[in-house]
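*Asks:* Can you look at this prediction? I've put the sequence above it.
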Amino acid sequence: MSVVSAGGRLPMPRDQRGSLRMEPRHMRARGRYAHSDVGVGDPFLPRFSAIASEGVKIPMQRDEWGEDTTVVTGVTSEHSYSGEEKKVYEPPVGRVVGRRCSRLFWILCSSLIGLAAVISAPAMCILPFLASHILGGEQFPISCQVDCQGSLLLVVIKTILLIVAIWALYWRHSLADMPRLYVARVSLVMFVLFILFAFWLFYIVRIFIERYQQYTYVISFATSLLDALLFIHYISFIILEIRRLRKEFVVTIVRDPDGESRTMPLGYMSIQEAAVEILLFYESTFPSYNMLLDKARQSAQQMRSGVPGGAAGFKMYDLEGLGPNQPISEVNARALMEAAARRRIAGYNELIQEEMDFSRRLQKRKYRLKIAAEDAFAHMQGIADSQQGTANGKQNVANQMDSMTAAQNVFTWIMRPMNKYLKTMRMQQKFNSESITRHIEKCLSMKVDHRTFLQRYFSDRFPEKDIVTESKWSIVSDSQSSANIQHGITFLLRSHNKADNNGVQLLCTVSTLPFINLTEQSRASISKFALKISNESSV
């Protein structure tokens, strides 16, 4: 038999409780629930410590001293069950040398294959001239007539077109470093390598070994190679770019922990490609996650409910001594969850009141900042209008010298409401006094309105201070990241950045777009009016 005790405290014997009940100095304020002995400042589900439980034990003076404890049968182990968040997946390490070397090796190999594809056709045309110059014109006679010269010009034009096509499609900065191979791209590269090997093999056998003396055959080999490479480039453009443009799926993105949600359409692609598209969509459209504000509000809710730190749990006592290896049963787990839910569900009134108070306080400080900024900008605009009668040469110098002074005056005017607003939103670290003054100076020099100035601080996206060179994320999925997306697949994108996205997770659920069965209904039968007249009708 196991005993479940809230907070892990054992009830005292009756004689000791009777003596304490008569002394006021031993009395303490009771908790929120009248049937609970948990104090206001005590956590409802404190962390269990097996070492601390081995302290001084109260001797059992009577057999019925623990009659008012909660008894749940079926559990024979001693554990501490808590709502504390545990890390299931270890965060990935930084840049791994092997991964970085593999990326450089792939870039080097693809560059060499692309260079070989570009210079293969010109090399086929030039090698007979070099062989004729080295070995003599008798062994490799070269004769190029008018049709041969036209074909040679066509080889030059196709080579230039191939260079431009490769530059336009492949010569660009990579958007992401994927965890697995890009199957479509690797297949195309291997196919190009096979084409080059086959053409060079036939070229060496036919031209150099069998000694074909007509130069037209060489030009035809080079032209055929360029045609094949151009067709492969066209196919790669269809597979890598055009195929994903057709929207076949819709993905629902939910950000953890604040629950911000968006949806976006996707084409046919792999999970890792979809993850890259989702992260680009997240960086461009999602509002910034205010981690400090979220943690501050969660801490306030935990302190109000009497559960600081979020490590609340029940302590299970093994009274039968069967060992700690027995898992908790389903009945006892349900009892634990119901007990915790009963204590938390009654706090919705306080949560609603706190949300309303925060919204009211935020709106009050926001409008105070608006009024202060409007007055400051109007005052500076009046001073600027009064100084328009000066000379043009002196006016330019005065504007250059007084821009910082005017910005400092405006900042002094709005400093107090700005500080209160930023403190409420927990954005003091994002905007310091120097950045605010520079922004005021820029707005005054461009003669923009105060609402344009305040949009920087009222926006749901934080301005980037520095250029972000790399954003670290990981994919958590049951399927391989190189597998194609399909209906019902769910994966998680976990952020490992130390900036604003610290601790952010994106839960992505993919669903297929339905087939649209569109029919046309004619309005001819609807627009017609038929009047039926019988013998009894009066017209």
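*Replies:* Yep, that arrived.

*Asks:* Residue 119 is in contact with residue 222, correct?
*Replies:* No. Contact criterion Cβ atoms under 8 Å: residue 222 and residue 119 do not qualify, at 11.1 Å. Placement of C-beta: from N, CA and C, glycine included.

*Asks:* In terms of neighbours, single out the busier of those two.
*Replies:* Legend: neighbour count by other Cβ atoms under 10 Å for residue 222 and residue 119, higher for residue 222 (25 against 13).

*Asks:* Go ahead and list the helix or strand containing the more buried one.
*Replies:* Secondary structure assignment for residue 222, by DSSP states H and E: helix 215-237.

*Asks:* Show me what that helix is in contact with.
*Replies:* Helix 215-237 is touched from outside by 117, 120-122, 124-125, 128, 142-144, 147-148, 151-152, 154-155, 158-159, 161-162, 165-166, 169, 185, 188, 191-192, 195-196, 199, 202-203, 206-207, with contacts defined as Cβ atoms under 8 Å, 6 or more residues apart in numbering.

*Asks:* so what strands line up beside the helix or strand following that helix?
*Replies:* Toward the C-terminus, helix 215-237 is succeeded by strand 249-256 as the next helix or strand (DSSP H and E). Sheet pairing of strand 249-256 (DSSP bridges) gives strand 261-266 (antiparallel), strand 505-512 (antiparallel).

*Asks:* pLDDT (mean, whole number) over the helix or strand hosting residue 349?
*Replies:* Per DSSP H and E, residue 349 falls inside helix 348-386. Mean pLDDT, computed over helix 348-386, is 85.

*Asks:* Can you show me the strands along this structure?
*Replies:* 2-6, 71-72, 80-82, 249-256, 261-266, 313-318, 473-477, 490-495, 505-512 (DSSP state E).

*Asks:* Any buried residues in the fifth one, and which?
*Replies:* For strand 261-266, burial by neighbour count (16 or more other Cβ atoms under 10 Å) applies to 262, 264, 266.

*Asks:* can you redo these as a markdown table with pLDDT?
*Replies:* Below are those laid out as a markdown table (pLDDT from 0 to 100):
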| residue | pLDDT |
| --- | --- |
| 262 | 93 |
| 264 | 94 |
| 266 | 93 |
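
*Asks:* any chance of these in TSV, with distance to residue 247 too?
*Replies:* Listed next are the buried residues of strand 261-266 as TSV, based on distance: Cβ to Cβ, whole Å:
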residue	distance to residue 247
262	15
264	9
266	7
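
*Asks:* Among those, which one lies nearest to residue 415?
*Replies:* Closest approach to residue 415 among the buried residues of strand 261-266 (Cβ to Cβ): residue 262, at 36.2 Å.

*Asks:* Bridge partners for the closest one, pull those for me.
*Replies:* Applying DSSP bridges, one finds that residue 262 bridges with residue 253.

*Asks:* My understanding was that it contacts residue 286; is that so?
*Replies:* Yes. Using Cβ under 8 Å, residue 262 makes contact with residue 286 at a distance of 6.4 Å.

*Asks:* Now list whatever residues contact both of the two.
*Replies:* residue 253.

*Asks:* Nearest spatial neighbour of residue 156, chain-adjacent residues omitted?
*Replies:* residue 122 (8.0 Å; Cβ to Cβ, 6 or more residues apart in numbering).

*Asks:* number of nearby residues for the one you found?
*Replies:* Neighbour count of residue 122, defined by other Cβ under 10 Å: 14.

*Asks:* contacting residues for it?
*Replies:* Residue 122 neighbours (Cβ under 8 Å, 6+ apart): 155, 156, 159, 222.

*Asks:* what's the distance between the third one and residue 170?
*Replies:* Going back to what we said before, that points to residue 159. Per Cβ to Cβ, to the nearest Å, residue 159 is found 16 Å from residue 170.

*Asks:* before we move on, what about the second one?
*Replies:* Counting by Cβ to Cβ, the gap from residue 156 to residue 170 is 22 Å.

*Asks:* Likewise for the last one?
*Replies:* The span separating residue 222 from residue 170 equals 22 Å under the rule Cβ to Cβ.

*Asks:* From residue 372, how far off is residue 499?
*Replies:* Using Cβ to Cβ, residue 499 is found at 30 Å from residue 372.
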